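**Q** structure, please.
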Amino acid sequence: MEDNRILELYWKRQEAAITRTAEKYGRYCQTISYNILHNREDAEECVNDTWFHAWNSMPPHYPNRLSAYLGKITRNLSINRFKSYGAGKRGGGQAALVLSELADCIPAAGGVEDVVEEMVLVDAIEMFLYGLTEQKRNIFIRRYWYLTPVKELARTYRMSEGKVASMLFRMRRELKEHLEKEGIVL
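**A** You can find the predicted model right below:
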């Protein structure tokens, strides 16, 4: 079913919206959540919570891209669960590892974050990403947005884990340099 038809179901408050959303985006959201939590049951609960949050937010919100909207909800719910249940102590999730990899590239939150500063940071990161080759951009986004393990990236892109890790290291260094050139304090 096309996204615009699914969105119509939400706006008409028809429960079929959830069924159609789960059919089309269930595996996608499950993958996002599992990469963060590394626990199938917790990931499944986060995905079910995603449908609940989507139901409660549409209307009034009408997302431009349903997949990105659902992915963001799933990611945020999963990260919150990771923090609240101490998934890092269980040792399987990617969140702590990914956040530690990016620690030197992204400014630390301090005091009150100004919305304008956040927009400048987002624009600078987008500019950096669009300067990468498509493959590098996809690897970077899959690692740092979807929290895909390096092993899986290596398998997907038919590279060694070492090569993927090296690429990510260089891209983080390049991102840091780019942000510094843009005047963003790290």
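**Q** what sits up against the strand or helix carrying residue 84?
**A** Assigned by DSSP states H and E, residue 84 belongs to helix 66-85. Defining contact as CB atoms under 8 Å, 6 or more residues apart in numbering, one finds that helix 66-85 is touched by 3, 6-7, 21, 25, 28-29, 32-33, 36-37, 42-43, 45-47, 49-50, 53-54, 57, 61, 63, 87-88, 93, 95, 145-146. Every C-beta, even on glycine, is put in place using the N, C-alpha and C of the backbone.
**Q** please repeat the previous calculation with a cut-off of 6 Å.
**A** Outside of helix 66-85, the residues within contact range by CB atoms under 6 Å, 6 or more residues apart in numbering are 3, 25, 29, 32-33, 36-37, 42, 46, 49-50, 53, 63, 93, 95.
**Q** and the helices in this structure?
**A** For the chain, helices defined by DSSP state H occupy the ranges 3-11, 16-37, 40-57, 66-85, 87-90, 95-102, 115-130, 134-144, 150-156, 161-181.
**Q** looking at the chain, which helix or strand does the model trust least?
**A** Across the helices and strands of the chain, the lowest-confidence element by mean pLDDT, DSSP states H and E is helix 87-90, at a mean of 45.
**Q** what angle do the helix holding residue 84 and helix 40-57 make?
**A** When axes from the mean of the first three to the mean of the last three CA atoms, to 10 degrees is applied, the directions of helix 66-85 and helix 40-57 differ by 120 degrees.
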